[in-house]
Structures are given as structure tokens and as C-alpha cells.
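only the shape, not the letters, is given here:
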Ligand SMILES: Nc1ncnc2c1ncn2[C@@H]1O[C@H](COP(=O)(O)OP(=O)(O)OP(=O)(O)O)[C@@H](O)[C@H]1O
């Protein structure tokens, strides 16, 4: 079991000598093997929430549990993929993917087999010996995702992973992630500025409010996706044309617009 529990989580920071509350009181559970996307206005605390799950940031109040254990720091059960690919420029694709396996006790053959499987899964065959600067942005991000997946983490934390990609590559990566997520589900927390991306990828979408970040609403996508057979379409644009998709997208847009206009509830 690898659910993520936010138990009355708050996080404050100091800015200009004053303390301010960046993340309000968050109570929320990402269920085991569930894909949850977070959307919200800029600065509402999305990245801070993800960094706290990663153990890169500690809550000021409350606690975060992953698989019943309180998060006290980073751990191999949680892998993070950021917007900037953060690959080692001096290492090849193969060496970058294998890097995380270094400290794991397994034979070289086993490490190579795991790496080869991910290379092929992410469509990187033939690029094993290439260096990051020889790859396109989309390919670099595929290496970053492969590097996270090869560790077989129970939890995958993704912060705008496709934010730096061009629109076409982004669509290809979204379709690949959907295939990967349905075939090999993990507990995923995914931050995005794109409402379409959130609705397309996630089982549930969390809409956060303006600072201090609070949960404004949680929208269930999975029951509708399954009922309307979204996964029978292999192309994102076909899903985006469906009435059920358009309705969910508008619902979330409306909630976000209320946040940016400062409508009180
Ligand atoms: N280490 C820090 N020190 C001081 N303030 C911080 C720190 N990290 C985040 N903040 C502040 O906390 C608030 C929330 O930041 P965070 O990056 O979590 O927001 P976000 O919702 O991810 O924003 P965006 O969508 O623009 O990426 C912001 O006001 C930010 O300036």
C-alpha cells in the first residue's frame, strides 16, 4: 500500500522578515495506485505540497504519511520528475537511467535488463549511448521519466513534467504517460497548469485556492472516463472532443477562474 495522506498540513515561509502561510490546512488522501492532478493559481502552494511529499520540505504543522509512514526526508519509495529534466550531461542515456540503481543490491545483469526494458518502453531504442545534448527536449524528458520508473517507486511525484516541451511533443508524452499509467499504475501526484492535461491524465483533479493554498474542490474523473470509454481512443484530440471531457474541463476552468477573480465562498 502506498497511499499519500496529508494530515492537517500547513507550511509557512518567511518573506521580507515576515512569516506567511503558503499552504493552509490540507487534509487529503491520494489512494494507492491513484493518479491525482493538482491545478491552482500561480503561487498557491502546489510545488510546496509536492516537495513535502518528496521529503524536500517539512510541514510547519501536521504531517504527511506515505504508506502509513511519516515522511521525514527523501526516500527510494518516492521518485520525483521536475520540469527541468536534470539529467547528468556527462552521462549517456543508459548511464542516466541506471544512475538510481547504483545503490541497490542487484547484479549488473539485472540492472542492465531493467534499464533495457525502460529504454524500450519509453521508445529510446538506439539512443542508449547518446548524451543528453544529442536528444530533443521530449526525449530528454522520456529519459527523466525512465530514470524515475526504473527505481520501481511506489509513488511518482511529477511537477509540470511536460511544461518545457513544445505542444506536439507534449501531446505525445501525455499519450505515453496514459498508456504507462494504465498498464503499470502507481500512486501519482502530478502538478500542471494545463486543465486539459489534468482531465486527460488523472483519476481525480484537485483544485487549489489562492494563497494560502487550500483545497477548493476535488473533481472525480475516473468514473466518467470509464463510463464514456475514453481509453478506447488512442489520441488525445479524440478524447478532448467528447462531451464528457468538455464538461469536466469547463467545470474546472470555472473553479479556477473564480480563484483568479477572487470570488469568495
Ligand atoms: N523556500 C521558500 N522560501 C520562501 N517562500 C517560498 C519558498 N518556497 C515557496 N515559497 C512561496 O510559497 C508560495 C507557494 O509557492 P509554490 O511554488 O508552492 O506555488 P505553486 O502553486 O507551485 O506556484 P506556480 O504555479 O507558480 O509554480 C509562493 O508565494 C512562494 O513564493
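Yes, it's here. A quick note: this is a predicted structure, and the numbers were derived from the prediction, not measured.

what's the host helix or strand of residue 28 in contact with?
Using DSSP states H and E, residue 28 maps to strand 18-30. Strand 18-30 is contacted from outside by 3-14, 36, 45, 48-49, 52, 59, 62, 187-189, 206, 211-215, 218, using CB atoms under 8 Å, 6 or more residues apart in numbering. Every residue, glycine included, has its C-beta placed from N, CA and C.

avg pLDDT for it?
Strand 18-30 comes out with an average pLDDT of 93.

can you mark which positions in it are buried?
Buried residues in strand 18-30, counted by 16 or more other CB atoms under 10 Å: 21-24, 26, 28, 30.

nearest to the ligand among the residues you listed?
Each of the buried residues of strand 18-30 was checked against the ligand using CB to the nearest ligand atom; the closest is residue 22, at 3.5 Å.

which of the contacts of strand 18-30 are close to the ligand?
Residues of the contacts of strand 18-30 in contact with the ligand (CB under 6 Å from any ligand atom): 13, 45, 48.

of the residues you listed, which belong to helices?
residue 48 (DSSP state H).

going through the ones next to the ligand among the contacts of strand 18-30, which ones are buried?
45, 48.

can you add pLDDT and give the ones next to the ligand among the contacts of strand 18-30 back as JSON lines?
Output for these, formatted as JSON lines (pLDDT from 0 to 100):
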{"residue": "13", "pLDDT": "93"}
{"residue": "45", "pLDDT": "93"}
{"residue": "48", "pLDDT": "95"}
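
what about the strands in the protein?
In the chain, the strands defined using DSSP state E lie at 4-15, 18-30, 35-39, 61-66, 69-70, 78-81, 155-159, 187-191, 204-208, 215-220.

out of these, deepest packed?
Among the strands of the chain, the stretch with the highest mean neighbour count (mean count of other CB atoms under 10 Å) is strand 35-39, at a mean of 26.

how about residue 227, what does it touch?
Residue 227 sits next to residue 244 when contact means CB under 8 Å, 6+ apart.

low-confidence stretches in this structure?
Where the chain drops to pLDDT under 70, the residues are 85, 261-265.

show me what from it comes close to the ligand.
For the chain, the residues in contact with the ligand (CB under 6 Å from any ligand atom) are 13, 15, 22, 40, 42-48.

before we move on, back to that, mind checking which of the strands of the chain is nearest residue 124?
Comparing the strands of the chain by their distance to residue 124 (CB to CB), the top pick is strand 78-81, with 15.4 Å.

okay, now the sheet partners of that closest one, with direction.
strand 155-159 (parallel) (DSSP bridges).

starting at the chain centroid, how far to the partner strand?
Taking CA atoms, centre = their mean, to the nearest Å, one finds strand 155-159 lying 4 Å from the centre of the chain it belongs to.
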